[in-house]
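K.L.:
dropping the sequence and predicted coords here.
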Amino acid sequence: MFSILPGAMSQLAPLLKPVSVQHWHVLTAVIAIGLAWAFFTAFYNIYLHPLAHFPGPRLAAASKFWLAYQEFVRGISLSDLRDELHAQYGDIVRLQPNLLHFANPHAYNEIYNVKNKWDKDTAVYRAFGMDESSACFVKYKDAKFRRDVLSPMFSRSSILKMQDLIQERVNIFSGALAAKYAAGKSSNIYLGFRCFATDVLMHFCYDKSLEATRAPDFEAEIVLALDGMIPVLSLCKYSSVLAFLVHRFPAWLAKNAGSPVLAALFRLRKLLTAQIDAILRNPSELELAAHPTIYHALLSPEANKGRPLPSRKSLMDEAGILLGAGADTTGVALTTITHHVLHNPATLERLKAELRAAWPVLEDVPRYEMLEKLPYLTAVIKEGLRMFPSAIAHPRVVPQGGAVISGSFIPSGVSRECFSFRHDVTTPRAAAAAAASPSSPFFWLVYIYSIVQTVVGQSFVFVHRSPIMYERPEEFLPERWLGPEAKACEAALSVFSKGPRSCLGVNLAYIEMYTALAHLFRMFDPKLDESRPTSLKIKEHFVPVFVGEPLHVYCRPVVE
Ligand code: HEM
């Protein structure tokens, strides 16, 4: 057999040789062009880019992947990295070629305010794969339409009508805490709060139930699945190709991949898709719902004011994003507040005393209208929100003409629209680009790179932890919300962001927090599980994810 090989090879050689040489040349050329492109891009980003004069690590200026490397290879939380970089480079730091972050707490209102109708950054918000939804529409105009449709459902008066639903969910949550105590065990209150918030959202938005709170040890598959997915989504913000692949992962493959995370996510998607399809097939399905859901609003011609109704994809995107936006955030807020109260005995006693006085008979559960008037409970919640462990620097695109932030002029980048003279060309570089002729290399240089616009952001943590805004900012001091400085504290509180893209679910978040905390500190005598010491250390993805031992609490029911 081997004897025929040399003969065969000599026959094939003339065919193979020219092909392989050709391939080799093509491959070499592709690699050379790729390397030259990467080198030239890095050179442009460091020396010629409109943001070239802003300080920051050289490699961060050269490529967006430097930040990905810090986050995913070195494993640093972006919250810690931002602190380090500001300590080294000062108020403004260039985190990516087109991304600036600010430390000065006054920058927050300069970026996020009612007048600034700035777009969101595509790279980050497309990572969720739900680009036709309230939180992920990058254009202000699209988001405004959607907010106008959904806002009535999230108004205070609508939320008040849903009190019984929230009460029902908190009763189940309390029952689970009591059962755990009866079994001689502490509860994983972090998972518990997240299950509670997930159940409230599922009922409130879709009139569907996952019964996460009833899962043994609060280890509901949907909560664990979201935990598994968050870092993947976070990685997607660095690559649109990866985002594309992740969001088009075929259901059949997910089913057979043997991953419980994927399986749970696809089960949730199936549940929501089946509901949407049933409603689209037969809109009278909506009449069967126990209460108005998001679909009543989204599919209402009156609410849409004559505009086309959302597509099936848009309905699915909205369903997904509301769960993503509302469940983990509320769970983290509740955990943070509980952690601080249980680590401050004086706060704990004062809170319990206020609740006992306002809610003397355990069976006579007070309404939210009464709870929200309790000054100390309110102070504890506000102070806990101020201590919210981290937040991404929600990125906004600087509009044409640039902006002044923290005393510096921030150019908008050069948009392709400059070439058609449709936008003002106030920055020198934009003016030069607009004036350039398509036959000049400068035209093409700027044209190629102009897709990248300037993006700015500030994590609200820089406001909340600033000694300019709050005295002794590192300390948990609910009393600051009761004194003369309360008004200033309120004005600086930015946990729900500010301006036209601030949190849509703020009223729902508050009723959940007041109800859950009032129950925890009135119906129970909660004590830390000392055998499982916790810190509030986090890794920042889109939401902060606690690392290390989760908060465990013994919840002994109060007997009267
Ligand atoms: C304590 C709990 C919560 C916190 C700290 C919080 C915080 C925030 C923040 C900072 C933003 C701005 C995000 C951005 O700029 O991209 C936001 C937006 C949003 N939140 Fe919340 N949130 C909470 C609870 C909720 C709840 C319960 C819902 C209900 C579904 C919700 C729905 C939304 C939506 C839809 C947006 C997008 C608004 C837009 O882009 O126009 N949030 N939230």
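P.N.:
It's in.
K.L.:
how about the residue of the chain found nearest the ligand, nearest residue that isn't a chain neighbour?
P.N.:
Using Cβ to the nearest ligand atom, the single residue of the chain nearest to the ligand is Gly505, 2.0 Å away. Any C-beta I mention is one placed from the backbone N, CA and C, and that applies to glycine too. Leaving out its chain neighbours, the residue that sits closest to Gly505 by Cβ to Cβ, 6 or more residues apart in numbering is Gly326, at 4.9 Å.
K.L.:
name the SS class of that neighbour, please.
P.N.:
Secondary structure, DSSP: H, G, I helix; E, B strand; the rest coil: Gly326 is helix.
K.L.:
is it correct that it is in contact with Ala197?
P.N.:
Yes - counting by Cβ atoms under 8 Å, Gly326 does reach Ala197; the two are 6.8 Å apart.
K.L.:
these two: who's more crowded?
P.N.:
Taking other Cβ atoms under 10 Å, Gly326 and Ala197 do not tie; Ala197 has more neighbours (30 against 24).
K.L.:
let me see the contact set for the spatially closest residue to the more buried one that is not a sequence neighbour.
P.N.:
Spatial nearest neighbour of Ala197, excluding adjacent residues (Cβ to Cβ, 6+ apart): Thr330 at 4.0 Å. Neighbouring residues of Thr330 by Cβ atoms under 8 Å, 6 or more residues apart in numbering: Phe193, Ala197, Ala509, Glu512, Met513.
K.L.:
how about a cut-off of 10 Å?
P.N.:
The neighbourhood of Thr330, defined by Cβ atoms under 10 Å, 6 or more residues apart in numbering, consists of 193-194, 196-198, 200-201, 505, 508-510, 512-513, 516.
K.L.:
only whichever of these are buried, select them in ChimeraX.
P.N.:
Only the buried entries of the contacts of Thr330 go into this ChimeraX selection, using 16 or more other Cβ atoms under 10 Å:
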select :193,194,196,197,198,200,201,505,508,509,510,512,513,516
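K.L.:
Val495: which of the contacts of Thr330 is nearest?
P.N.:
Ala509 (9.3 Å; Cβ to Cβ).
K.L.:
wait, isn't the residue of the chain closest to the ligand in contact with Thr329?
P.N.:
Yes - with contact defined as Cβ atoms under 10 Å, Gly505 counts as touching Thr329 (8.2 Å).
K.L.:
show me whatever sits in contact with both of those two.
P.N.:
Joint contacts of Gly505 and Thr329 (Cβ under 10 Å, 6+ apart) are Phe496.
K.L.:
where does Lys373 land in three-state SS?
P.N.:
Per three-state DSSP, Lys373 ends up coil.
K.L.:
hang on, it packs against Ala518?
P.N.:
No - the pair Lys373 / Ala518 is not scored as a contact, 11.8 Å apart, by Cβ under 10 Å.
K.L.:
which residues are in contact with each of the two?
P.N.:
Joint contacts of Lys373 and Ala518 (Cβ under 10 Å, 6+ apart) are Ala358, Pro366.
K.L.:
any idea which helix or strand comes after the helix or strand encompassing Arg94?
P.N.:
Under the criterion of DSSP states H and E, Arg94 resides in strand 92-96. Where DSSP H and E defines the elements, the next helix or strand beyond strand 92-96 is strand 99-102.
K.L.:
other SSEs contacting the next helix or strand after that next one?
P.N.:
Moving toward the C-terminus from strand 99-102, the next helix or strand (DSSP H and E) is helix 107-111. Helix 107-111 is packed against strand 99-102, strand 403-405, strand 408-410, strand 455-457, helix 461-464, helix 486-492, with contacts defined by 3 or more Cβ pairs under 10 Å, 6 or more residues apart in numbering; DSSP states H and E.
K.L.:
just to revisit the earlier point, partners of the strand holding Arg94 in the sheet?
P.N.:
Take DSSP bridges as the rule and strand 92-96 pairs in its sheet with strand 99-102 (antiparallel).
K.L.:
from the chain's centroid, how far away is the strand it pairs with?
P.N.:
18 Å (Cα atoms, centre = their mean, to the nearest Å).
K.L.:
what's that strand in contact with?
P.N.:
By Cβ under 10 Å, 6+ apart, the surrounding residues in contact with strand 99-102 are 51, 54-56, 60, 64, 67, 78, 81-82, 85-86, 89, 91-95, 107-108, 110-111, 121, 123-124, 393, 395, 398, 405-406, 408, 410, 452, 454-459, 462.
K.L.:
repeat that with 6 Å
P.N.:
The contact list for strand 99-102 (Cβ atoms under 6 Å, 6 or more residues apart in numbering) reads Phe54, Arg82, Ile92, Val93, Arg94, Leu95, Ala393, Ser406, Val455, Val456, Gln458.
K.L.:
return the set of residues that bridge with the fourth one.
P.N.:
In this entry, Val93 is beta-bridged to His101, by DSSP bridges.
K.L.:
quick one: it and Leu85 touch, right?
P.N.:
Yes - counting by Cβ atoms under 6 Å, Val93 does reach Leu85; the two are 4.6 Å apart.
K.L.:
got the residues of the chain near the ligand?
P.N.:
Residues of the chain lying near the ligand by Cβ under 6 Å from any ligand atom: 134-135, 143, 147, 201, 322, 325-326, 329-330, 333, 388, 391, 394, 495-497, 501, 503-505, 508-509.
K.L.:
so which of the residues you listed belong to helices?
P.N.:
Ala143, Arg147, Leu201, Leu322, Ala325, Gly326, Thr329, Thr330, Ala333, Leu508, Ala509 (DSSP state H).
K.L.:
in this structure, which spans are strands?
P.N.:
Assigned by DSSP state E, the strands in the chain fall at 92-96, 99-102, 187-188, 396-397, 403-405, 408-410, 455-457, 524-528, 538-540, 544-546, 552-557.
K.L.:
can I get the first one in CSV? Just the C-alpha atoms.
P.N.:
This file holds the C-alpha atoms of strand 92-96, laid out as CSV (Å, rounded to 0.1, in the frame of the first residue of the first chain):
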residue,chain,number,x,y,z
ILE,A,92,-11.3,62.2,33.6
VAL,A,93,-10.1,58.8,32.4
ARG,A,94,-10.2,57.4,28.9
LEU,A,95,-11.3,53.8,29.5
GLN,A,96,-11.6,52.8,25.9
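K.L.:
would you agree the residue nearest to Gly505 is in contact with Val506?
P.N.:
No - the criterion here is Cβ under 6 Å, and Gly326 misses it with Val506 at 10.2 Å.
K.L.:
not counting sequence-adjacent ones, nearest residue to Ala176?
P.N.:
With Cβ to Cβ, 6+ apart, the residue lying closest to Ala176 is Thr213, at 5.9 Å.
K.L.:
now do Lys64
P.N.:
Nearest residue to Lys64, sequence neighbours excluded (Cβ to Cβ, 6+ apart): Gln96, at 4.5 Å.
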